[in-house]
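Chemist: return atomic coordinates for the entry below.
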Amino acid sequence: MYPMAPLIRTALNTTARVAPGPAGRWAFRLFVRPLGRAKVKPGERTLLAAARTGTLHVRGEEVVTYAWGDGRRPVLLVHGWSSRASRLGAFAEELLARGYSPVAFDAPGHGDSPGKASNIAEYREIIRELHARHGDFEAVVAHSFGVLASLFALRDGVRTARFVGLGGVGSFSMLLEGFRAGLRLDERVVRAMRGYVERRLVPGEPGVWDRFGADHAPDELGAPVLLFHDEGDDMVPLAQARFLARAHGDRARLVVTRGLGHRRILTDPGVVAEAVAFATAGSDVEPAVTARDGVSSTAW
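Modeler: As a prediction, this is how the structure comes out:
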């Protein structure tokens, strides 16, 4: 929950009635600010110490990057909101063991990168820069908001042979509605924020708001998709994974887990092994929903 939510709500709702421009700008700045900065866990320190660290400068922000391996067969790892690259360390270790070269980053305002905020357009630019630096990816493995941001970049020139999504967000509208409902904002505040994004964040990209969603032109991805989502995910509902799977049709398979939630899914040995086996394989997946730990599902 946002600190001082009642005061924020009153200020934004009141301002939007008389000055929608400033209201949209202030709401956007709040929307793109992570709620806290994730710290490195003890089990992640060895992997981070072994990484080749670097920096990118994207949209005036400094971004810390990580790379392992010899540079051949790169696989991009994309963290979620209020998270950091090291949370995907189990995947990096398994990929390294198979001779692949994991690549990752801390978005602005996350992990070791400076700043206080980030957004989907910055994620796209970071991924584009890493693609230019490392070449086409053998796979992209993304978590939560990172799924949505990665798919946005992958429909905009970045290429990968396979895509793995874990606890993924598929709808940008879901994030926006959660923000609006959490602060009980008037719809006019949301409209003002949307106008600000279109004018200032991504000028010259007509219709970009619709392109944020993972269901926009899914055929442009052109790669097989494997999705993992826990039935008890308390951050992103399972319906988002089903939405993603439907959007990508015959190229997608969804694995529903139980008891892993939104975060433990990143360290579960079975999930890591299956995801990496898919990411490093050369064949397409069959369209289906797999049940794990007693979860049954027969349709998207």
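
Chemist: helices of the stretch 201-300 of the chain, start to end?
Modeler: With DSSP state H, counting those that start in this stretch as the criterion, the stretch 201-300 of the chain has helices at 208-211, 238-248, 269-279.

Chemist: list just the one of these that sits closest to residue 178.
Modeler: helix 238-248 (11.3 Å; Cβ to Cβ). (Glycine included, C-beta is placed from N, CA and C.)

Chemist: show me where the stretch 51-200 of the chain has strands.
Modeler: Using DSSP state E, counting those that start in this stretch, the strands of the stretch 51-200 of the chain run over 52-58, 61-67, 74-78, 101-106, 139-143, 163-166.

Chemist: tell me who's in contact with the residue nearest in space to the middle of the chain.
Modeler: By Cα atoms, centre = their mean, the mean C-alpha position of the chain lies nearest to residue 146, the distance being 0.9 Å. Neighbouring residues of residue 146 by Cβ atoms under 8 Å, 6 or more residues apart in numbering: 78, 79, 80, 83, 123, 168.

Chemist: one step back: reformat the helices of the stretch 201-300 of the chain as JSON lines; add mean neighbour count, mean pLDDT and distance to residue 224.
Modeler: Formatted as JSON lines, those follow (neighbours: other Cβ atoms under 10 Å; pLDDT from 0 to 100; distance: least, Cβ to Cβ, whole Å):
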{"stretch": "helix 208-211", "mean neighbour count": "16", "mean pLDDT": "74", "distance to residue 224": "22"}
{"stretch": "helix 238-248", "mean neighbour count": "21", "mean pLDDT": "95", "distance to residue 224": "9"}
{"stretch": "helix 269-279", "mean neighbour count": "18", "mean pLDDT": "97", "distance to residue 224": "8"}
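
Chemist: out of these, nearest to residue 41?
Modeler: helix 269-279 (15.6 Å).

Chemist: quick one: list the elements packing against that closest one.
Modeler: Helices and strands touching helix 269-279, by 3 or more Cβ pairs under 8 Å, 6 or more residues apart in numbering; DSSP states H and E, are helix 89-97, strand 139-143, strand 163-166, strand 225-230, strand 252-257.

Chemist: please identify which of the ones you listed is closest to residue 108.
Modeler: Among the helices and strands packed on helix 269-279, strand 139-143 comes nearest to residue 108, with 17.2 Å by Cβ to Cβ.

Chemist: quick one: strands adjacent to that closest one?
Modeler: If you go by DSSP bridges, strand 139-143 pairs up with strand 74-78 (parallel), strand 163-166 (parallel).

Chemist: low-confidence stretches in the protein?
Modeler: For the chain, residues meeting the criterion pLDDT under 70 lie at 1-3, 206-207, 282-300.

Chemist: the closest residue to residue 173 other than its chain neighbours and residue 152, how far apart?
Modeler: Once flanking residues are discounted, residue 173 sits nearest to residue 213: 6.8 Å by Cβ to Cβ, 6 or more residues apart in numbering. Distance of residue 213 to residue 152, computed by Cβ to Cβ, to the nearest Å: 9 Å.

Chemist: then residue 190?
Modeler: From residue 190 to residue 152 the distance is 20 Å (Cβ to Cβ).

Chemist: now swap in residue 53 and tell me
Modeler: In terms of Cβ to Cβ, residue 53 sits 25 Å off from residue 152.

Chemist: more neighbours: which of the two?
Modeler: residue 152 (22 against 12; other Cβ atoms under 10 Å).

Chemist: contact partners for that one?
Modeler: 120, 123, 124, 211, 212, 214.

Chemist: so how many other residues sit close to the residue nearest to the second one when sequence neighbours are not counted?
Modeler: What it means is residue 123. Closest residue in space to residue 123, ignoring its immediate chain neighbours: residue 149 at 3.5 Å, by Cβ to Cβ, 6+ apart. Here the count is done by other Cβ under 10 Å, and residue 149 has 29 residues near it.

Chemist: equivalent analysis for residue 25, please.
Modeler: Residues near residue 25, counting by other Cβ under 10 Å: 18.

Chemist: contact partners for the closest residue to it other than its chain neighbours?
Modeler: Closest residue in space to residue 25, ignoring its immediate chain neighbours: residue 196 at 5.3 Å, by Cβ to Cβ, 6+ apart. Residue 196 makes contacts with 21, 24, 25, 27, 28, as judged by Cβ under 8 Å, 6+ apart.

Chemist: what separation do you get for residue 196 and residue 123?
Modeler: 18 Å.

Chemist: and residue 168, by the same measure?
Modeler: Residue 168 sits 13 Å away from residue 123, going by Cβ to Cβ.

Chemist: now stretch 223-242: buried residues?
Modeler: 223-231, 233, 235-236, 238, 240-242 (16 or more other Cβ atoms under 10 Å).
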